[in-house]
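1. pasting a predicted model and its sequence here:
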Amino acid sequence: MEKTKKRDGFKHSVAVAYGDGIGPEITQAVLNILHAAEVPLQFEEVVLGERLYLAGHSSGIDDGAWEIIRRNKVLLKGPITTPRGGGYKSLNVTMRKALGLYSNIRPCVSYAPYVATKHPNMDVVVIRENEEDVYAGIEHRQTDEVVQCLKLITRPGCERIIRFAFEYARVYGRKKVSCFVKDNIMKQTDGLFYQVFQEIAAEYPQIESTNFIVDIGIARLADSPSDFDVIVLPNLYGDIVSDVTAQLSGSVGLAGSGNVGDHGALFEAIHGSAPDIAGRDLANPSGLLQAAVQMLQYLQLPTYADRIFQAWAYTLEEGYHTADIFEKNTSVMQVGTQAFAQRVIANLGKRSSKFKLAKAKSGESLQLKPYIRKEPARKLLRGVDLFLDWRGVDPNELAERVAHVHPSLELTMITNRGVKVWPGRFEETFCTDHWRCRLEAKAGEVDRLDVPAAVQQAILAGCEVIKTENLYEFDGVKGYSLGQGQ
Ligand code: NAD
């Protein structure tokens with residue numbers, strides 16, 4: 001056992017939220033196993049979720065809960081029910097962003113032949129960026145017909161998650177890191193993620209790096225997961241891919257996840273609160289137990305992590321299975337949540353004949369560098385995109401109104417949903433009430449005061465300007481997408 005216990009016998013204090021639905025059952029089962037294994041942790045309960053949502057806290061958390069979590073720095077969390085209807089924010093997204101938990105690590109492993117799966121050799125770790133992308137939650141309705149969501153991808157965000165993925169691969173002895181993006185379409189946002197991936201991959205020549213357009217990447221993963229090792233992705237793709245990957249391994253009830261940042265971590269099962277089976281002692285506590293095992297590794301308690309993992313894997317091998325993974329051919333006995341936990345406890349000290357807990361190489365730990373801001377690029381203002389709410393149909397009419405809003409700016413194109421409709425519109429192109437008029441400097445750089453002057457003139461010409469986006473060049477490279485031609 002680890003030797004570094006505090007004098008009071010506990011090495012760390014951990015906040016525990018029992019959660020909603022099946023949360024209390026699986027959390028109690030997991031805590032029973034942790035207590036039986038005599039982990040040197042003390043647990044402080046924190047109330048989160050449905051009860052707080054219904055008491056009027058729109059994010060499902062109150063000041064007292066924040067205080068307990070921030071003081072403990074580590075949270076083991078049962079799943080939370082997000083009430084239906086407007087006005088409620090996702091507690092998970094709120095906590096990940098507020099606590100800076102930028103990486104989400106989901107190991108997905110097949111436990112064949114003991115758990116039925118179509119992919120018996122699968123061992124994939126999905127590392128998902130956890131704070132950015134469309135999850136920034138910046139959305140606006142701009143016209144009668146159009147709403148928008150801002151997708152924010154940042155260099156520090158990319159550097160941190162991609163370095164984390166390569167460091168994870170190095171420390172856990174993984175051979176390959178794959179990046180999934182859609183940079184053929186989103187050349188700026190996904191383009192930045194892939195550019196940083198290439199930069200950081202070059203620092204790890206001993207680790208193979210591959211990249212896929214996300215759609216074909218997911219298709220290949222679903223077909224042949226054993227071709228993949230570590231996968232790193234921006235937030236939205238990571239959310240989708242990690243659920244697909246967990247399901248491929250056999251059951252959503254099996255996988256745990258760690259949300260890790262520079263100042264703390266949150267560990268939880270990947271599944272939700274399963275209200276359909278809540279209170280019936282049917283739920284599989286394995287996902288939350290896997291999360292707890294990850295937590296013990298994070299807390300530098302590898303011997304405890306291994307002992308619990310081995311007892312759990314031995315229990316699966318014995319054929320004591322909860323309903324979600326029970327199969328006549330592979331199972332010996334169907335057990336409830338608490339009986340499964342009791343069996344794991346009885347098996348503490350036993351070892352699986354087949355499965356090993358993925359461990360960091362001896363003496364190795366993730367070497368995560370602080371982000372260092374680069375020297376600023378030479379940034380030149382080259383023009384502005386004016387976005388207009390307009391119910392007309394003929395882009396020539398709009399062009400006449402906008403073409404002369406400023407003597408130093410030239411109207412170079414009009415697009416509708418990103419498709420160029422001026423000059424030259426195809427009859428087939430469908431147009432909404434949301435138009436983008438690109439104004440570019442006739443020569444050199446645009447004076448910043450020309451932009452509000454152009455907006456004012458456009459308004460006086462009868463245009464409803466709903467927003468503007470400045471067009472910048474960085475070190476001579478355009479920092480904006482070109483209009484999609486027809
Ligand atoms: P879910 O994951 O709760 O359930 C999907 C299906 O999987 C259900 O049939 C359920 O019975 C089964 N299942 C899930 N966990 C299981 C387990 N441990 N053992 C056996 N079977 C299990 O997804 P859902 O029904 O879409 O969501 C229910 C609630 O959970 C929603 O309010 C949702 O917002 C919330 N949710 C919370 C989290 C979280 O707290 N991290 C994650 C996802 C969903």
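-> Done, it's in.
2. contacts, neighbours, all on C-alpha from now
-> OK.
3. can you give me the helices for the stretch 251-400 of the chain?
-> Along the stretch 251-400 of the chain, counting by DSSP state H, counting those that start in this stretch, helices occupy 286-298, 302-318, 337-346, 395-402.
4. in contact with the closest residue in space to Leu221 that isn't next to it in sequence, which residues?
-> In space, and not counting its chain neighbours, Leu221 is closest to Phe228: 7.0 Å by Cα to Cα, 6 or more residues apart in numbering. Contacts here follow Cα atoms under 8 Å, 6 or more residues apart in numbering; on that basis Phe228 touches 123-124, 176, 178, 221.
5. now Leu91
-> Per Cα under 8 Å, 6+ apart, neighbours of Leu91: 49, 59-61, 80, 82.
6. about what we covered before: out of the contacts of Phe228, who's the most crowded?
-> Neighbour counts for those (other Cα atoms under 10 Å) peak at Val124, which has 24 neighbours.
7. ok, now which ones touch that residue?
-> Applying Cα under 8 Å, 6+ apart, the residues contacting Val124 are 107-109, 225-226, 228-231, 245.
8. what does Thr189 give?
-> 151-153, 183.
9. with Asp243 instead?
-> Counting by Cα under 8 Å, 6+ apart, Asp243 touches 252, 270.
10. ditto for Val241
-> 126, 218.
11. let's see 10 Å
-> By Cα atoms under 10 Å, 6 or more residues apart in numbering, the contact set of Val241 is 126-128, 180, 214, 217-218, 221-222, 231, 233, 235, 247.
12. possible to save the residues you listed as JSON lines with distance to the ligand?
-> Listed next are these as JSON lines, based on distance: Cα to the nearest ligand atom, whole Å:
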{"residue": "Val126", "distance to the ligand": "16"}
{"residue": "Ile127", "distance to the ligand": "16"}
{"residue": "Arg128", "distance to the ligand": "14"}
{"residue": "Phe180", "distance to the ligand": "22"}
{"residue": "Val214", "distance to the ligand": "22"}
{"residue": "Gly217", "distance to the ligand": "23"}
{"residue": "Ile218", "distance to the ligand": "20"}
{"residue": "Leu221", "distance to the ligand": "21"}
{"residue": "Ala222", "distance to the ligand": "19"}
{"residue": "Ile231", "distance to the ligand": "20"}
{"residue": "Leu233", "distance to the ligand": "19"}
{"residue": "Asn235", "distance to the ligand": "15"}
{"residue": "Gln247", "distance to the ligand": "10"}
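13. tell me the secondary structure for Gly100?
-> coil (DSSP: H, G, I helix; E, B strand; the rest coil).
14. ok, the spatially closest residue to it that is not a sequence neighbour to Lys89 distance?
-> For Gly100, ignoring the flanking residues on the chain, the nearest one in space by Cα to Cα, 6+ apart is Gly261 at 5.5 Å. The gap separating Gly261 from Lys89 is 21 Å, by Cα to Cα, to the nearest Å.
15. more neighbours, the two?
-> Gly261 (19 against 16).
16. assess the claim that the more buried one and Asn104 are in contact.
-> Yes: because the distance of 9.1 Å satisfies Cα atoms under 10 Å, Gly261 is recorded as touching Asn104.
17. who touches both of the two?
-> With Cα under 10 Å, 6+ apart, Gly261 and Asn104 have common neighbours 96, 130, 161.
18. show me which of those residues has the smallest pLDDT value.
-> Of all these, Arg96 has the smallest pLDDT value, namely 89.
19. dihedrals phi and psi, it?
-> For Arg96, the backbone dihedrals are phi -60, psi -40 (criterion: degrees, to the nearest 10).
20. the one 10 residues further on too?
-> When read as degrees, to the nearest 10, the backbone of Arg106 gives phi -130, psi 100.
21. what of Leu192?
-> Per degrees, to the nearest 10, the backbone of Leu192 is at phi -70, psi -40.
22. for it, which residues are in contact?
-> 153-155, 158-159, 181, 183, 186, 198.
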